[in-house]
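Peer 1: pasting the sequence and the predicted model now:
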Amino acid sequence: MLNTFLCNFVKKEHLNLSSDLKSLKQIDVTKTEIHLNNDHIYVGMEAHAILEDLKTKAPIEEVNKFYASCREFYVEIVLQIQKRFDLNEKLFDILKYVDPKIARNLEKQSVKDVFDKFNFLTTKCNMQKADNEWRNQALIDLKHFGVESEEELKKHAS
């Protein structure tokens, strides 16, 4: 979620979205020099289409005010995420399990961390069976996912 908001208004050279959340938390979004210019701020497909039409009809100052409001919103929401969420929390490491690169390559050999964090699961499911399923998912034929290569799977998953 944090990287989604950052991509909306921060220049890519200031983002390393493959890095961990801790480094994303360190980005100072109040620095205007890292912000995208108005034409590159992401406002959504429909809003973008409306803005393109408005650029020919409305004063440019009004369009710029809209972009400034969007930028202020993005800055504030990122600041709030950075402030309110403990990105050192072990939960965020556990979320890496859903990353296809980690899942398919079994970089995490076991789902034990998940059970350690969410110990109520130990009474709800068979831990060994879940661990076996986790390991077996790496062996599923790529054609099952409608792709031919690991790279293609990673591209579709991101």
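Peer 2: Yes, it's here.

Peer 1: drop to CA atoms for contacts and neighbour counts, all remaining ones
Peer 2: Will do.

Peer 1: can you give me the helices for this structure?
Peer 2: Along the chain, counting by DSSP state H, helices occupy 2-9, 21-25, 45-54, 60-84, 90-94, 100-105, 112-117, 127-137, 150-157.

Peer 1: including mean pLDDT and distance to Leu36, could these go into CSV?
Peer 2: Compiled in CSV, the helices of the chain are given as follows (pLDDT from 0 to 100; distance: least, CA to CA, whole Å):
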stretch, mean pLDDT, distance to Leu36
helix 2-9, 90, 5
helix 21-25, 73, 17
helix 45-54, 90, 15
helix 60-84, 93, 9
helix 90-94, 70, 28
helix 100-105, 72, 29
helix 112-117, 84, 38
helix 127-137, 87, 40
helix 150-157, 70, 25
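
Peer 1: save those as CSV, and put in mean neighbour count and distance to Asp39 too.
Peer 2: Below are the helices of the chain laid out as CSV (neighbours: other CA atoms under 10 Å; distance: least, CA to CA, whole Å):
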stretch, mean neighbour count, distance to Asp39
helix 2-9, 17, 10
helix 21-25, 17, 24
helix 45-54, 12, 9
helix 60-84, 15, 9
helix 90-94, 14, 33
helix 100-105, 17, 32
helix 112-117, 15, 42
helix 127-137, 14, 42
helix 150-157, 13, 26
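
Peer 1: what's the closest of those helices to Asn38?
Peer 2: helix 60-84 (6.0 Å; CA to CA).

Peer 1: got the contact list for the closest one?
Peer 2: Helix 60-84 is contacted by residues 2, 5-6, 8-9, 25, 29-30, 38, 41, 43, 51, 54-55 when judged by CA atoms under 8 Å, 6 or more residues apart in numbering.

Peer 1: make a markdown table from the residues you listed and add distance to Asp93 to it.
Peer 2: Listed next are the contacts of helix 60-84 as a markdown table, based on distance: CA to CA, whole Å:
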| residue | distance to Asp93 |
| --- | --- |
| Leu2 | 15 |
| Phe5 | 20 |
| Leu6 | 20 |
| Asn8 | 24 |
| Phe9 | 26 |
| Lys25 | 15 |
| Val29 | 24 |
| Thr30 | 27 |
| Asn38 | 34 |
| Ile41 | 30 |
| Val43 | 30 |
| Leu51 | 39 |
| Leu54 | 44 |
| Lys55 | 44 |
